[in-house]
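Here is a sequence together with a model predicted from it:
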Amino acid sequence: MSDVKLPSYIQYLQQGESYPHAAAGISLVQTHISFVLLAGDYVYKWKKPVDFGFLNFSTLEKRKYYCEQELQLNRRLCPDLYEALVTVNKDGDSYCLNGSGEVVEYGIRMARMPEEQMMGRVMARGELTRGHLDEIIDRLVPFYKAAAGTTEIKAFGKATSVAVNVLENFEQTENFVDQGALSRAQFDAIVGYSKEFLSHEDRFQSRIDAAKIRDCHGDMHSANICLSDPVNIFDCIEFNERFRYTDVAADVAFLAMDLDFHGETELSNYFIEQFAAKSADPELMEMLNFYKCYRTYVRAKIALFTASDPAVDEKATAACIEQAKKHFILAERYAAT
């Protein structure tokens, strides 16, 4: 990756001496919305100045606000992981982390988790077990029970509200049709299935009546879970309430879909069956396939957005396009079920 494409403050933070603690072997990870620096025992996360419509980090003030939201919301499931709001300040001709000069950027500092226990790595080693999923379920059931479910939040469970998110995905990806990752036939099949399901308003109303629309996590997949003791389920959606105010079924469908995506169908089924039993919510099964389709399409969209970022190198771009292609295939499979 060329440093020319990176903001100067990120280049500064790639140097070990920029930190007040030991920070050997600093590595940078990028998403479509963040710069993430792994530095010693800590992780520093900085928001890119982007505006995708559904997400707006375009001003310094907005980035500060959403950093504060990220800390507050993620402490619900990870009270010890999300440590503090941090700043990069201008110090003469250079920068200073948590300095006293003009604030150049806001970010958050997190405790670094054991990478070998990240769920994706455990899964890649073939070591993911039912016991791991039981631990996740034991964290989630009380989390959802305690999560807010106000009248305002319940409204996001209506078919018309859910349709805003689902149809937005299609609008934002139509320009990618027949560009290498998504065919017209796939796009039409997924759109048709989703619109038909959304036409059954009674299904969505029954979930509202059952008090299953909550202030959820919103982005619960294996890359955001560390199978440590206790389990950490991190990086919830902070930037848009309509992605977090959702059916519990939509939240757990994300992880179930991700398990399917990685070839762990048996564990995916186990996770949903046990969660439904322990949360006394067998009705979520009726919504599961629809939300799995929605979630895998979201992952495909994000992969395409990341691939389109000029700060991402060619190798990462190619990997993102390939990932998007696989997610679209999975979405088509759910749509045909």
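Noted; the coordinates are in hand.

C-alpha only now, for contacts and for neighbours.
Fine.

middle-most residue in the chain, spatially?
residue 219 (3.4 Å; C-alpha atoms, centre = their mean).

Report the secondary structure state of it.
coil (DSSP: H, G, I helix; E, B strand; the rest coil).

for stretch 323-337, which positions count as buried?
By 16 or more other C-alpha atoms under 10 Å, the buried positions in stretch 323-337 come out as 323-332, 334-335.

can you check stretch 91-107 too?
For stretch 91-107, by 16+ other C-alpha under 10 Å, it's 95-98, 103, 105-107.

before we move on, the earlier item: and the pLDDT at the residue nearest to the centre of the chain?
What the model reports as pLDDT for residue 219 is 95.

contacting residues for it?
By C-alpha atoms under 8 Å, 6 or more residues apart in numbering, the contact list for residue 219 reads 235-237, 251, 254.

Are we agreed that residue 38 is in a strand?
Yes - counting by three-state DSSP, residue 38 is located in a strand.

give me the number of residues near it?
20 (other C-alpha atoms under 10 Å).

now residue 166
Residue 166, neighbours per other C-alpha under 10 Å, totals 21.

got the phi/psi numbers for it?
When read as degrees, to the nearest 10, the backbone of residue 166 gives phi -70, psi -50.

Does it touch residue 295 like I think?
No - here residue 166 does not reach residue 295: they are 9.3 Å apart, not a contact under C-alpha atoms under 8 Å.

what's the closest of the buried residues of stretch 91-107 to residue 173?
Lowest distance from residue 173 to these (C-alpha to C-alpha) belongs to residue 107, with 29.3 Å.

Look up the closest residue to the closest one, ignoring the ones flanking it.
Setting aside the residues directly before and after it, residue 107 is nearest to residue 46 in space (C-alpha to C-alpha, 6 or more residues apart in numbering), at 4.6 Å.

ok now do the one you found, which residues does it touch?
If you count contacts by C-alpha under 8 Å, 6+ apart, residue 46 has them with 34-36, 105-108.

Repeat that for residue 21.
Residue 21 neighbours (C-alpha under 8 Å, 6+ apart): residue 40.

how near is it to residue 111?
13 Å (C-alpha to C-alpha, to the nearest Å).

what do you get for residue 66?
For residue 66 relative to residue 111 (C-alpha to C-alpha), the value is 19 Å.

More neighbours: which of these two?
Taking other C-alpha under 10 Å, residue 66 and residue 111 do not tie; residue 66 has more neighbours (20 against 16).

related to what we said a few turns ago, what's the PyMOL line that selects buried ones from the contacts of residue 219?
To isolate the buried subset of the contacts of residue 219 in PyMOL, counting by 16+ other C-alpha under 10 Å, use the following:
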select buried, resi 235+236+237+251+254
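
Inside helices: which ones of the contacts of residue 219?
Taking DSSP state H as the definition of helices, the contacts of residue 219 contribute 251, 254.

List the buried residues in stretch 112-130.
113, 117-123, 128.

Start and end of it, how far apart?
25 Å.

So which residues of the stretch 51-200 of the chain form helices?
Applying DSSP state H, counting those that start in this stretch to the stretch 51-200 of the chain gives helices spanning 60-74, 119-124, 130-146, 151-154, 159-173, 184-198.

Run through who's touching the fourth one.
Which is helix 151-154. Against helix 151-154 from outside (C-alpha under 8 Å, 6+ apart): 208, 211, 213-215, 245-246.
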